[in-house]
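Novice: Structure, please.
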Amino acid sequence: MLALAAQPGGAAEPVPPLPAAPPALSASPEATSTPQRAAETAQVDDDHRRQVAAALRDLLTPVVTEVTPVAGDIDRYQGRGPEGASFTLTVQARPPGGGPLASPCAWTDARPGACAAHTLADGTPVAVHTGLAADLPSVAARARFDSGELFVEIVPDTSSRVGALVATERLLAFLAHPRVRSLATPPNDT
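Specialist: Numbering: from 1, shown residues only. Presented below is the predicted three-dimensional model:
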């Protein structure tokens, strides 16, 4: 359909068509997934997971003597205790949250057990939750570093009925270690 516009003197002249919509923006090169980029990302993730496993093993010994990443689950690790008990360890790194924590223990409100707010020597806020999983002791902590948030959880070995052997003090020492601070940055946010 052709639109007409009146001109002075009454003559009608066609109205020029509206310009076409701009072409859709193509994805930026950084956002384009290529096999090479996917391989690089996977390598960074693998390297980060090996660093996390080594830190867990080195800094939680003698309570946890062996740690291996769980295939297919980037945040999970399988740990072994000195008597062969098997523990599931979760380590999640997230970008730093916006603003101060309203309540360090707010993330545990729905979990049975107790939460205590702690502060590391450098001022880093940490919430440590102790509770039960399958009627066995479990422990979890969330630390909020400048570089990101780190969540660490040790779940008991329910098959052998051995509770998580990592005490609050050991978990706080783990989180205070300089080696752990670098793990708080999500691997693909660097």
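Novice: Next one: the residue nearest the centre of the chain from R179, what distance?
Specialist: For the chain, A93 is the residue whose C-alpha lies nearest the centre (Cα atoms, centre = their mean; 3.0 Å). Counting by Cβ to Cβ, to the nearest Å, the separation of A93 from R179 is 14 Å. (C-beta placed from N, C-alpha, C; glycine too.)
Novice: still on that earlier bit, walk me through which strands the helix or strand encompassing the residue nearest to the centre of the chain pairs with, and which way each runs.
Specialist: Counting by DSSP states H and E, the element that carries A93 is strand 86-94. Looking at strand 86-94 with DSSP bridges, its partner strands are strand 76-80 (antiparallel), strand 149-155 (antiparallel).
Novice: Now the longest one: average pLDDT?
Specialist: Taken as a whole, strand 149-155 has a mean pLDDT of 91.
Novice: how about the CA coordinates for it, as CSV?
Specialist: As requested, the backbone C-alpha atoms of strand 149-155 are provided in CSV (Å, rounded to 0.1, in the frame of the first residue of the first chain):
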residue,chain,number,x,y,z
GLU,A,149,31.9,-16.2,46.6
LEU,A,150,33.1,-19.7,47.5
PHE,A,151,30.7,-22.4,48.8
VAL,A,152,32.3,-25.5,50.3
GLU,A,153,30.3,-28.5,51.7
ILE,A,154,31.3,-31.8,53.0
VAL,A,155,28.5,-34.4,53.1
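Novice: From T61, how far off is the nearest residue to R76 once chain neighbours are set aside?
Specialist: Nearest non-adjacent residue to R76, counting by Cβ to Cβ, 6 or more residues apart in numbering: V70, 4.0 Å away. Distance, V70 to T61, by Cβ to Cβ: 20 Å.
Novice: ok so, going back, who is the residue nearest to the centre of the chain paired with across the strands?
Specialist: Beta-bridge partners of A93, as defined by DSSP bridges: L150.
Novice: which ones are touching it?
Specialist: 48, 148-150, 183-187 (Cβ atoms under 8 Å, 6 or more residues apart in numbering).
Novice: buried set for the top helix by length along the chain?
Specialist: The helix that spans the most residues within the chain, counting by DSSP state H, is helix 35-60. For helix 35-60, the neighbour count (16 or more other Cβ atoms under 10 Å) marks 48-49, 52-53, 55-57, 59-60 as buried.
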